[in-house]
Every structure is written in structure tokens, then in C-alpha cells.
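S.K.: give me a model of this one.
(chains A and B)
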Amino acid sequence: MTVEWLDHTADIGFRIQHATLAGAFAEAGHALFSLMVDVSSVRPMVVHHVDLSAETVELLLVEWLSELLARKDIDGLVFSRFQVDVRGEEATRFRCTGRAWGEPIDRTVHELRTEVKGISYLGLTVRPCKKGWRLQTVVDV
Amino acid sequence: MRETHHVTPVRPSVWRVQQQNRMRVPALLIADRLTVDQLVSEQQDAVQWSSLDQLCNVAALPGIVGAAIGLPDIHPGYGFPIGGVAAFDAEDGVAVVGGIGFDINCGVRLIATPMTKQEVAPLIEQVGGDLFQAIPSGLGAEGLLRLDRRRLDEILREGAAAIVAEGYGVDDDLLYCEEGGRLPDADPSTVSDLAKQRQFKQLGTLGSGNHYLEIQVVDRLLDAQAAESYGLFLDQVLISIHTGSRALGHQIGQDALRDMAAATVKYGLDVPEPELACAPIRSTEGMRFLSAVACGANCALANRQMIAHRVRESLQRTLRLSPASVRTVYDVGHNNAKFEVHRVDGRERRLLVHRKGATRAFGPSRAEAPDAYRTVGHPVVVGGTMGTASYVLRGTETGMEETFGSGVHGAGRVLSRKKASKKFWGESVVAQLRADGVRLWTHSVRGISEEAPGAYKDIETVVDASVDAGICRRVARLRPLAVIKG
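M.R.: Next up, the predicted model:
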């Protein structure tokens, strides 16, 4: 797995390469939260289940990351471990099921970084590559 | 290979980008020569995201009127450049998601105290420290009021007025907010339940990143008449609150991207980039989007109103200031789209004006300004970096004619967050600021490296270009005494 951070003047993007699509999605979750907190300090105490679908795999990536952001605000959670399954069910329906583990934000324990506001469509990419799958997104901070 | 854009000078700090290919109108750049050269180089060097390309793509959108405008703090956004302005015919134009962004109605509330630097500086540790404790900021911060759906829907309809009605503020606060503190046509049913759930704990929170609360001092007065109208005096201590619509706005933006992407296809709209997803203003999707944006805008107004109330409480504790003595100078947004009437080619037209990282800067004698400011025009609050200065400007007739009454919103970034975090060390930035007489409180030292003053353009250059072009005039320069970051 490799994460490459992208230069965007106002915000930040990342590009991930992984042997599997599910692994790339999981690493995207990890990259997202590493922008907001020192992920190594987040214990996998609470589990959140996801079952999401979208018309394209790119939009599914946005749904996955957006769902994690929403849990941050609604439940006050940050996540450090992710396990997902991503599959195409029809030509225009892709599904992501899985789990994210984390714990409530604790300022005495977690090194805070910058809050992510949303997942843009700028440069949004999810495609096969020689080493498996490559995805890219720019997030708004 | 990228197309070449032909940029020609019109007059000092004003440049025209020739209409060509897909562009339906030309683009207008307000910038100094160095910035223009940098924009052209960036575009020709085919760096991944070019402000000039983005501006010219905006000029290709259906129903755009006049020109796509780039202001001196322009830098790449999501399809629509930050520091960009575009107006569309209210009947047959489009509403563009990227022209507003995720942080709907992010803006600045400027508050005036009756105190001077000489009185406050010796107490800055106490004053700043109390504000840092009083205003929730940073990741995971929760507001002091918990909302439910009923209460939040009221806020989405009524904006800052809902907060004042609950006793968190004074009626005069609303007089000195854009739109009287409340945008009309905000129907809470157009906002998703997910967006509302995300906001229940966030009323009155500052956020993080480039959001801040600054204790500032008026260190220069440059327009005596306007300064007097605004109630500003030399050495006066002011407070700026820079924040927006928080998680609700973020989710509205996220929902809109998905919905408007579908609408772009549904209505067969020819857009140069997927990020310029849009819908006809008069379509169901367009009207729904604009209603949700109005709700988000009202949420931002309410958020800044609540923070302003907490500021008053804090100053009462530390400086024994009565709430009545701490007044709102102005509250103005810089990420929004509003219906406005402008004169175009000699006739008045109703337009939807998108300002993305751009502040409304209406000239003198406009009805939208509070009565006390009408003669000179409303304040335009421009936040600089934490190490330098901010400005209070005012709009001009030239600005009304050429930029739909728009001005800059800040210094504008020059370094990506990735580059800034490599170049600047958070602790060093804090130490340097302290050496320069600026005290900083933050929950994220790493975030400070990304927000280092060196990551931004020089605010003086940005304001110089605005003034040179005649779209704004300087009223007062503000220097930071202390900064609170999330």
C-alpha cells in the first residue's frame, strides 16, 4: 500500500495504490482520519457498520468517506481501523459493506490536526492499475 | 497540451482574458503583474490545477453574464477558483455548486470594543486565555447548546435572529449583519436529515484549519469618513470571528454535489469539468439547492452570532465590559450565491451572483447597507494571516460596474498544505509570532504549520491590487494581538 499526498493550494488530496479495491477503500479511510488526528493514538474500541451503494465506484468512494465524516460529527468518533468489501452488483450499482473501528475523540489522548469538511469531486479517480487499484481524491479542509 | 489564454492589460491591476473556444464571456482578472505572470506560468507549466483554467471554465457555463471574475487572492478551488465571482441570469442561468463550496456563508463577524491596545495588551494572557476556553474550537469541539430538529429548523429559517430571540445577543447585532442576519427563502425541508444530525452539537463552534478568532488593534486609519461611520478609532481593540456553517453546511455541499451532478446530466448542461456541476436556477433541483444554501447561510449567521455572544460574556469576565459596550461592526460572508440587481450593458438585470472566497463589496448609497453606513457603503472585512494584518475596506462604484460589487476575502494561499507543513514547524511559527508580539492559542500545533503566514500571499499586495483597480478603498488596517485557532 502507498499513500501519496497531493499538492492542492487550498486543501489536500491523496492518491492510494493497493492490491485490492477493498484495501484501497480501507486505506482511504485511514488517510482521511490521519489528516484529522494521529491515527496511531486511536484505539479500536467502537465499531461502526456501513452498507452503502452508489451508481459508480468513484461516487461510492465519496459515500464511504462522507459516511465516516458524518459519524465524526454525530457520534464524536475518530477511526483507525477499516475493513470493507466493495463490489459491483449491477452496471450502475456498486456496494460497500464493512466496518470501521475507533473511539470517541479525546483531546487528552489524541493529537488533533485539521478537520475535513467534505469530499470533493476534483480529480476523483478509482481505477485498476498494474499493481491492483489506484484511487485519488481531494478533500476540503 | 493546454490551450493558451490571451491575457491583456486593461488598466493598472485589471486584465482581460480573451473569450475563446468554449468560453461564453471573457474573464476579468484583478491582480498585479507578478500575480498574472504566476497564473499564466502555472497554467502553461500544466501543473495539476490552474486558477486561470478554472476561471476560463467558469466563463463557459450556461447563462453567465458579463465576465468570469478573478480577484487578487485567486487560487485553485474545485472547478471554480477561490477568489472567483460569476453572475448568472436569474431566469435562464445556472446555480453552480463549486461557486459556493462546502463551507456555505463562511465569513467574518467584526466586533468592536471601547478599549484601546494600551488597556488590553497588558491583560492579553487573561483575555485570550479566557476566550480560548469559552469558544469551542478544533476537531470534536461541541457547542454549549444542544439542538434538536425543531430548534435547528428555526435557526435554518431565521438565522442570527433565532439566536438573538433566545437571548444570545442584542437586536442591533442583526442591523449590522448582511441581510439583517437572515436570508429569505430558506426552507429547512430542503436540507437532509443527515446534515441536521451533524449540526446538533456544533452551534457556536469555531472549527479549525483557516478559521480563527483574533483580537486585533486598529493601527492605521485610511479613510476618516468611513472609519467614523463604522465607529472605528486608532488603537481600538476589535475582535474578528472567522467561521462558517460548520457540519451542516459541509453536508449540504456534499449532498448538492451528488444531486447537481445528476441534474447536470438530466438537463443536458454542457460543463467543462465535472466539478462545475450545476442546475438551471428555475429547475426543481436548482431551487431546492438554493433553498438549502440559504439554510446553510442562516446556520453560519447563527453560528457567528452565538460565538459573538460568548465573546461578550468572556469580555465581561476579563475586562468588565458590559455587553452593550461590545458591538457588531459588521458580519459579512464570502462563500455564497445571492440574487442581486446589477446594471449590465446599460440595463438592470436580476442575477444570481456566486462569490467563492470573495466578499460582497457594494459601493456607497446601496439600500442593502445599514442606515448608519449607507453614505459610505458597508464594511468589507478581509482577514489576513495571523502574523500580518487584516483590513476593513469599502466598495466603490467601479467595483459595482466591474466585479458585481465584489472584493477579496483574504490573503489567498500560495503554498499547498503539504508544502507548508514541510516548510514550517508549528512550534517555530508560534515562537515567531510571540516574538512579534502575537500570542497564539491552538488545539493543533500541526495545523499551525499549514496556516503559517508564509503559506499565504502578502495581504498588502492583495489589497493594493484591489485599490489600484478601483474596486475597493482602504478604511482601516488591523494588527493581531492574539489569535485563537482550532
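
S.K.: what residues sit buried inside the longest helix anywhere in chain A?
M.R.: Scanning chain A for the helix with the most residues, using DSSP state H, yields helix A:57-75. Within helix A:57-75, the residues that qualify as buried are A:57-73, counting by 16 or more other C-beta atoms under 10 Å in any protein chain shown. Glycine gets a C-beta too; all of them are placed from N, C-alpha and C.

S.K.: wait, does it contact chain B?
M.R.: Yes: using C-beta under 8 Å from any C-beta of the partner chain, helix A:57-75 reaches chain B at A:59, A:62, A:66, A:69, A:70, A:72, A:73, A:74.

S.K.: and the fifth one, how far is that from residue A:28?
M.R.: Taking C-beta to C-beta, to the nearest Å as the measure, residue A:70 falls 16 Å from residue A:28.

S.K.: and the fourth one, by the same measure?
M.R.: Between residue A:69 and residue A:28 the computed distance is 12 Å (C-beta to C-beta).

S.K.: go on, residue B:194?
M.R.: Distance, residue B:194 to residue A:28, by C-beta to C-beta: 20 Å.

S.K.: and the two? Which one has more around it.
M.R.: Shown here are residue B:194 and residue A:28; by other C-beta atoms under 10 Å in any protein chain shown, residue A:28 has more neighbours (26 against 19).

S.K.: give the helix, strand or coil label for that one.
M.R.: helix (DSSP: H, G, I helix; E, B strand; the rest coil).

S.K.: if the closest residue to it other than its chain neighbours is in a bridge, with which residues?
M.R.: Sequence neighbours aside, residue A:16 is the residue nearest to residue A:28 in space, at 5.7 Å (criterion: C-beta to C-beta, 6 or more residues apart in numbering or on different chains). Counting by DSSP bridges, residue A:16 is bridged to residue A:3, residue A:135.

S.K.: ok, and the closest non-adjacent residue to residue B:187?
M.R.: residue B:291 (4.6 Å).

S.K.: work out for me the element that neighbour sits within.
M.R.: helix B:284-319 (DSSP states H and E).

S.K.: report the rounded mean pLDDT for that helix.
M.R.: Mean pLDDT, helix B:284-319: 98.

S.K.: one step back: who's in contact with the residue nearest to residue B:187?
M.R.: Neighbouring residues of residue B:291 by C-beta atoms under 8 Å, 6 or more residues apart in numbering or on different chains: B:185, B:186, B:187, B:190.

S.K.: mind doing that once more with 6 Å?
M.R.: Listed by C-beta atoms under 6 Å, 6 or more residues apart in numbering or on different chains, the contact partners of residue B:291 are B:185, B:187, B:190.

S.K.: same question for residue B:136.
M.R.: By C-beta under 6 Å, 6+ apart, the contact set of residue B:136 is B:143, B:205.

S.K.: need the per-residue pLDDT for the residue of chain A found nearest chain B.
M.R.: Using C-beta to the nearest C-beta, the single residue of chain A nearest to chain B is residue A:105, 3.4 Å away. On pLDDT, residue A:105 comes in at 97.

S.K.: next, the contact list for residue B:311, please.
M.R.: Going by C-beta under 6 Å, 6+ apart, residue B:311 touches residue B:239.

S.K.: oh sorry, the question was meant for residue A:140
M.R.: A:11, A:117, A:118, A:120, B:102 are the contacts of residue A:140 under C-beta under 6 Å, 6+ apart.

S.K.: among those residues, which ones are buried?
M.R.: Buried by 16+ other C-beta under 10 Å: A:11, A:117, A:118, A:120, B:102, out of the contacts of residue A:140.

S.K.: near residue A:44, how many other residues are there?
M.R.: Neighbour count for residue A:44, taken as other C-beta under 10 Å: 14.

S.K.: how about it, phi and psi?
M.R.: Here is the backbone geometry of residue A:44 (degrees, to the nearest 10): phi -80, psi 70.

S.K.: what sits against it?
M.R.: Counting by C-beta under 6 Å, 6+ apart, residue A:44 makes contact with A:81, A:101.

S.K.: likewise for residue B:215?
M.R.: B:239, B:481, B:482.

S.K.: next one, pLDDT for it please.
M.R.: You'll see residue B:215 listed with a pLDDT of 98.

S.K.: name the SS class of it, please.
M.R.: Using three-state DSSP, the structure places residue B:215 in strand.

S.K.: gap between it and residue B:221?
M.R.: Using C-beta to C-beta, residue B:215 is found at 19 Å from residue B:221.

S.K.: just checking, what packs against the lowest-mean-pLDDT helix or strand in chain A?
M.R.: The helix or strand of chain A with the poorest confidence is strand A:2-7; it has a mean of 86 (mean pLDDT, DSSP states H and E). Under the contact criterion of 3 or more C-beta pairs under 6 Å, 6 or more residues apart in numbering or on different chains; DSSP states H and E, strand A:2-7 touches strand A:12-18.

S.K.: now the strand it packs on: mean pLDDT?
M.R.: Mean per-residue pLDDT for strand A:12-18: 94.

S.K.: that strand vs strand A:2-7, what angle?
M.R.: Using axes from the mean of the first three to the mean of the last three C-alpha atoms, to 10 degrees, the direction of strand A:12-18 lies 160 degrees away from that of strand A:2-7.

S.K.: other residues contacting strand A:12-18?
M.R.: A:1-6, A:24, A:27-28, A:31, A:131-136, A:138, B:417.

S.K.: any of these buried? List them.
M.R.: A:5, A:6, A:24, A:27, A:28, A:31, A:133, A:134, A:135, A:136, A:138, B:417.

S.K.: looking at these, which is nearest residue B:20?
M.R.: residue A:138 (27.6 Å; C-beta to C-beta).

S.K.: does the closest one really touch residue A:120, like I thought?
M.R.: Yes: applying C-beta atoms under 6 Å as the test, residue A:138 and residue A:120 come out as touching, 4.9 Å apart.

S.K.: and residue B:29, how many neighbours?
M.R.: Using other C-beta under 10 Å, residue B:29 has 29 neighbouring residues.

S.K.: doesn't it fall inside a strand?
M.R.: Yes: applying three-state DSSP, one finds residue B:29 inside a strand.

S.K.: isn't it up against residue B:16?
M.R.: No: here residue B:29 lies out of contact with residue B:16, judged by C-beta under 6 Å, at a distance of 7.7 Å.

S.K.: can you tell me how far the spatially most central residue of chain A is from residue B:226?
M.R.: With distances taken as C-alpha atoms, centre = their mean, residue A:29 lies nearest the centre of chain A, 2.5 Å away. In this view, residue A:29 and residue B:226 are 50 Å apart by C-beta to C-beta.

S.K.: ok, the residue of chain A positioned farthest from its centre to residue B:78 distance?
M.R.: Relative to the C-alpha centroid of chain A, counting by C-alpha atoms, centre = their mean, residue A:108 is the outermost residue, at 24.5 Å. Here residue A:108 is placed at a distance of 35 Å from residue B:78 (C-beta to C-beta).

S.K.: what do you get for residue B:446?
M.R.: Applying C-beta to C-beta, the value for residue B:446 to residue B:78 is 24 Å.

S.K.: now swap in residue B:96 and tell me
M.R.: 10 Å.

S.K.: cool, residue A:135 as well?
M.R.: Applying C-beta to C-beta to residue A:135 and residue B:78 gives a distance of 17 Å.

S.K.: residue B:466 now?
M.R.: Taken as C-beta to C-beta, the span from residue B:466 to residue B:78 is 24 Å.

S.K.: now swap in residue A:44 and tell me
M.R.: As judged by C-beta to C-beta, residue A:44 and residue B:78 stand 33 Å apart.

S.K.: per-residue pLDDT, residue 56?
M.R.: No chain was given, so I picked chain A. The model reports residue A:56 with a pLDDT of 94.

S.K.: wait, I meant chain B there
M.R.: What the model reports for residue B:56 is a pLDDT of 97.
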